[in-house]
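Novice: just to be clear, the model below is a prediction. Sequence and coordinates:
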Amino acid sequence: MPLTRPEMIALFETGVRAADPGAAVAGAVAGVPLEGTVHVLGVGKAAVAMTRAALTALAEAGVTPATALVVTNAENAQPLAGARVMTAGHPVPDAGGLAAGRAVLDMLAGAEAGDTVLVLVSGGGSALLPAPVAGVSLDDKAAVSAVLLGAGLDITAMNAVRQHLSRLKGGGLLRAAAPARVVALILSDVIGDDLRVIASGPTVAPILPRAGVRALLRDRDLWAALPEAARTALERPEDAPPLPEADNRLIGSNRMSLDAMAAARPEAQIICDALTGDVAEAAARICAVAQEAPRGAPVLALFGGETTVTLRGDGRGGRNQELALRVAMALEGALPGGRGWRFLSGGTDGRDGPTDAAGGITDPHTLARLDAAGGDAAALLANNDSYRALALAGDLLKTGGTGTNVADLQILSLDP
């Protein structure tokens, strides 16, 4: 038999626990030389847990921050003694994010030469801190995000654009904090761990110059779809002054979670730690592994990454839900001898797209359950309505907010 549903969820949770931001931050802060007055800023889906751990570690070292500010999404927001917690919209920027961006800029303006700004960065920070440049409104930022999301751009391309429309992204935070020293502890939700991409790189140089962003958008036929104000901002001259230096430290990643999952199950194998690109192609790759797997022993294949979805309908869902549904449809009757299987795809942050699900868990009976509930898998998929499809089948994976974010994890379990 393949792993049971509870066993699949337990293995997924092992991966999530391996990305525990509190433990990672506690260990990292101990090695950070702190100078002058300390300011703490946590940004992203794991910001509360990261800031809590940082404040505890600082207190143990006898340091009380002059200011402490947390910006996170509503699902992960919690009161935190010693810090101001602000909520902002994700994945589309909102008024809360605009207010949070102003608060961050005000905080950084108070940092002086000789001070230390401890920045705790996790995934989601890009949308949570819109802080638009002059001439660009919040509505413009939201419209740009909608265009980029709808076109299926990967996170690197999306954040390359966002960086030049924000006062904080692409090293903007460094400029705002100068002349204070900046130390950033970074939890990666990006495959390959490019620091320029994580949360749109607030403490590193931009991914592309503005000319490169313009070329990217024109190559994808997206330039004309952007609001005029965004196009105007992207046509401005490049920033001339060099960025101040920062001490950037990576403290967690998707690969670390995969390694923990593999260690928990001796039969597990990490097949791919860079499952990216279109979700249909990712599903085909996973199904090929299932179809080519030898018989005679159980198979437990692990994948990690972050796929993209091209929007063609007006349904609800996310990349993990669509991947789980596509795998179920592709494996329907495709394995010889009726070989049993079960597949899980989930976002480590507990939220997949604009839904309350982390992803989905499918098996050979998913489509039958969906059909019995009155659903049409092909029609729902065509409308990007994977949430409804999996809900009808009883196959949604719901974990609630996890307080961390290191992209997505997938598990494929096969009968001997």
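Specialist: Arrived safely, thanks for sending.
Novice: just the strands from the stretch 1-150 of the chain, written as ranges.
Specialist: For the stretch 1-150 of the chain, the strands defined by DSSP state E, counting those that start in this stretch cover 38-43, 67-73, 84-88, 116-121.
Novice: reformat these as JSON lines; add distance to Glu60 and mean neighbour count.
Specialist: C-beta here means a position set from N, CA and C on the backbone, and glycine is covered the same way. Shown next, in JSON lines, are these (distance: least, Cβ to Cβ, whole Å; neighbours: other Cβ atoms under 10 Å):
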{"stretch": "strand 38-43", "distance to Glu60": "14", "mean neighbour count": "27"}
{"stretch": "strand 67-73", "distance to Glu60": "15", "mean neighbour count": "24"}
{"stretch": "strand 84-88", "distance to Glu60": "22", "mean neighbour count": "19"}
{"stretch": "strand 116-121", "distance to Glu60": "15", "mean neighbour count": "28"}
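Novice: Serialize these to CSV and add fields for distance to Ala224.
Specialist: Listed next are the strands of the stretch 1-150 of the chain as CSV, based on distance: least, Cβ to Cβ, whole Å:
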stretch, distance to Ala224
strand 38-43, 32
strand 67-73, 31
strand 84-88, 29
strand 116-121, 33
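Novice: can you tell which of the ones you listed is closest to Arg326?
Specialist: Closest of those to Arg326 is strand 67-73, at 26.7 Å (criterion: Cβ to Cβ).
Novice: strands paired with the closest one, and their directions?
Specialist: Strand 67-73 has the following sheet partners, assigned by DSSP bridges: strand 38-43 (parallel), strand 84-88 (parallel).
Novice: any chance of the ones you listed in TSV, plus distance to Asp247 and mean pLDDT?
Specialist: Shown next, in TSV, are the strands paired with strand 67-73 (distance: least, Cβ to Cβ, whole Å; pLDDT from 0 to 100):
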stretch	distance to Asp247	mean pLDDT
strand 38-43	14	98
strand 84-88	24	97
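Novice: now render those as a markdown table, adding distance to Gly125.
Specialist: As requested, those are arranged in a markdown table below (distance: least, Cβ to Cβ, whole Å):
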| stretch | distance to Gly125 |
| --- | --- |
| strand 38-43 | 4 |
| strand 84-88 | 10 |
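Novice: among these, which comes closest to Ile191?
Specialist: With Cβ to Cβ as the criterion, Ile191 lies closest to strand 38-43 of these, at 20.2 Å.
Novice: now do the helices in the stretch 101-250 of the chain.
Specialist: Here the stretch 101-250 of the chain has its helices, by DSSP state H, counting those that start in this stretch, at 125-128, 138-150, 155-163, 172-177, 210-219, 228-234.
Novice: that should have said the stretch 251-400 of the chain, apologies.
Specialist: Ranges of helices in the stretch 251-400 of the chain, per DSSP H, counting those that start in this stretch, are 254-264, 279-292, 319-331, 366-372, 377-382, 386-393.
Novice: and the longest one, what does it pack against?
Specialist: Here helix 279-292 touches strand 268-278, strand 299-308, helix 319-331, strand 408-414, going by 3 or more Cβ pairs under 8 Å, 6 or more residues apart in numbering; DSSP states H and E.
Novice: can you list the buried residues in that helix?
Specialist: Across helix 279-292, burial judged by 16 or more other Cβ atoms under 10 Å covers Val279, Ala280, Ala282, Ala283, Ile286, Cys287, Val289, Ala290.
Novice: if we can go back for a sec, wait, which of the strands of the stretch 1-150 of the chain is closest to Asn384?
Specialist: Across the strands of the stretch 1-150 of the chain, Asn384 has its closest neighbour in strand 67-73 (21.7 Å, Cβ to Cβ).
Novice: got the contact list for Thr4?
Specialist: Applying Cβ atoms under 8 Å, 6 or more residues apart in numbering, one finds that Thr4 lies in contact with Arg342.
Novice: mind running it again at 10 Å?
Specialist: Residues near Thr4 by Cβ atoms under 10 Å, 6 or more residues apart in numbering: Ala10, Arg342, Ser413.
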